[in-house]
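Visitor: Got a predicted structure here, sequence first:
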Amino acid sequence: MQPSILTSFDAIIDARSPAEFAQDHVPGALSLPVLDDEERARIGTLYKRDSPFAAKRLGAALVARNIARHLEAALADRPRQWRPLVYCWRGGKRSAAFAHVLREVGWPAHTLEGGYRAYRRGIVEALAALPAQFAFRVVLGATGSGKSRLLRALACAGVQVLDLEELAAHRGSVLGELPDRPQPSQKMFESRLYAALAALDRGRTVYVEGESRKIGQLQVPEALITAMRASACVRLEADLEARVALLMQEYRHFFTAPTALAAQLDCLVPLHGRERVDAWKALAARGAWPQLVARLLEEHYDPAYRRSAERNFARLPQAQVLRVAAADEDMFTGLARALAA
């Protein structure tokens, strides 16, 4: 199943349980379960302990009740010509029952052959082949030089951007966890990544930040890593003062969460030793934030960046260099406009 087939419908309905939907789903799909998590477990238990007939009888009643509820609520305003696609785990009874009722109403409903399993296979296959079809330009630079801000400014300027950290809900470093957004599952990340790539024009350059193989707990697909590391580069340069100022803006949430910050810093003990990490934590305890950020850059982030960038991006020596003189939006808007031109 090619994931691109999903764009030919007015809506995509995920008939699986809420827990299945939360793990991964087609981006943009409506979660309209025909059985909720408790009902699905109940039917499964009845099937094994009593009989398939008893399970099917109860399941039919629950499914009918839930479909009726969706027709009266989420689907109440759909027009006559509305064309939905319905899927469940493997294109079986749940999606078939839902689509049958929708067709009886008068909507030309279809089911996804093979269900979510077929969709998932299509995503894996697409992500193994699709990255090689793009001309990427990789934005590199030491931590705090404004790579993510440049990507946002480029997107505002009409340039094509693949923002992996946005898709992964993580800034990519040991302190990169976002305070209000948990990371998606690996499968959901890959679904989002495919949707983002599929929306891009393969005839135009795509800017992407130079990431490592992992963003937080998520793995970047190997084909994308390979394509990025063979691509042309743009390198941002900023002095320490500008970088500290930018990171003070980006990581301000840690200032009011000292326990969370201390826990993250403890992850660096195997790399730097207890004495150095305790010195960083002492700066945090005193509220000496500029000094802490400067020391983290000089003692942890900068050495790691130099090793990684030089080893992994073969075209870094030929990179276009952009000077970041200040940590303000006007600076990145100007850089983006220059690149767009």
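Guide: Received, thanks.
Visitor: residue ranges of the strands in the stretch 151-300 of the chain, please?
Guide: 160-162, 206-209, 214-215, 218-219, 232-238 (DSSP state E, counting those that start in this stretch).
Visitor: who does the first one touch, helix- and strand-wise?
Guide: If I follow you right, that is strand 160-162. Here strand 160-162 touches helix 147-156, strand 206-209, going by 3 or more C-beta pairs under 8 Å, 6 or more residues apart in numbering; DSSP states H and E. (Glycine included, C-beta is placed from N, CA and C.)
Visitor: and if you look at the third one?
Guide: Using 3+ C-beta pairs under 8 Å, 6+ apart as the contact criterion, the secondary-structure elements in contact with strand 214-215 are helix 164-168.
Visitor: and for the helix it packs on, what are the contacting residues?
Guide: Under the contact criterion C-beta atoms under 8 Å, 6 or more residues apart in numbering, helix 164-168 has outside partners 148, 171-172, 176, 183-184, 189, 192-193, 196, 208-209, 211, 215-216, 218, 220.
Visitor: Tell me which residues of it come out buried.
Guide: By neighbour count on 16 or more other C-beta atoms under 10 Å, the buried set for helix 164-168 is 164-168.
Visitor: Then stretch 171-182?
Guide: The neighbour-count check on stretch 171-182 (16+ other C-beta under 10 Å) flags 171-177 as buried.
Visitor: again, but for stretch 107-121
Guide: So stretch 107-121, judged by 16+ other C-beta under 10 Å, has buried residues 107, 109-112, 114-116, 118-120.
Visitor: For those residues, give me a markdown table that also has distance to Val139 and secondary structure.
Guide: Formatted as a markdown table, these follow (distance: C-beta to C-beta, whole Å; DSSP: H, G, I helix; E, B strand; the rest coil):
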| residue | distance to Val139 | secondary structure |
| --- | --- | --- |
| Trp107 | 45 | coil |
| Ala109 | 44 | coil |
| His110 | 41 | strand |
| Thr111 | 42 | strand |
| Leu112 | 37 | coil |
| Gly114 | 38 | coil |
| Gly115 | 38 | helix |
| Tyr116 | 34 | helix |
| Ala118 | 36 | helix |
| Tyr119 | 31 | helix |
| Arg120 | 31 | helix |
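Visitor: for the buried residues of helix 164-168, which one is nearest Thr143?
Guide: Glu165 (12.5 Å; C-beta to C-beta).
Visitor: Need phi/psi at Val174.
Guide: The phi/psi pair for Val174 (degrees, to the nearest 10) reads phi -60, psi -20.
Visitor: these two touch, right, it and Leu268?
Guide: Yes: between Val174 and Leu268 a contact is recorded at 6.2 Å, counting by C-beta atoms under 8 Å.
Visitor: can you tell me which residues contact Phe98?
Guide: Per C-beta under 8 Å, 6+ apart, neighbours of Phe98: 13, 15, 32, 34, 63, 67, 86, 109.
Visitor: Just flag the most distant two among those residues.
Guide: Val63 and Ala109 (15.1 Å).
Visitor: Give me the pLDDT for the residue nearest to Leu283 when sequence neighbours are not counted.
Guide: Here the nearest residue to Leu283 in space, its sequence neighbours aside, is Leu292; by C-beta to C-beta, 6 or more residues apart in numbering that works out to 4.0 Å. The score at Leu292 is 93. That number is its pLDDT.
Visitor: Could you count how many residues lie near Leu292?
Guide: Neighbours of Leu292 under the rule other C-beta atoms under 10 Å: 24.
Visitor: Might one say that it is in contact with Ala279?
Guide: No: counting by C-beta under 8 Å, Leu292 does not reach Ala279; the two are 9.5 Å apart.
Visitor: Number of residues surrounding Gln249?
Guide: Counted with other C-beta under 10 Å, the neighbours of Gln249 add up to 10.
Visitor: Just name the most buried of the helices and strands packed on strand 160-162.
Guide: When you average the neighbours per residue for each of these (mean count of other C-beta atoms under 10 Å), strand 206-209 leads with a mean of 22.
Visitor: by contact count, what packs against it?
Guide: strand 136-141, helix 147-156, strand 160-162, helix 164-168.
Visitor: coming back round to it: filter the contacts of Phe98 down to the buried ones.
Guide: Using 16+ other C-beta under 10 Å, the buried ones in the contacts of Phe98 are 13, 15, 32, 34, 63, 67, 86, 109.
Visitor: so which of the residues you listed comes closest to Arg286?
Guide: Leu32 (53.0 Å).
Visitor: any idea how far that closest one lies from Gly210?
Guide: As for Leu32, its distance to Gly210 is 40 Å (criterion: C-beta to C-beta, to the nearest Å).
Visitor: didn't Ala99 look like it was pressed against Glu113?
Guide: No: applying C-beta under 8 Å as the test, Ala99 and Glu113 come out as separate, 11.7 Å apart.
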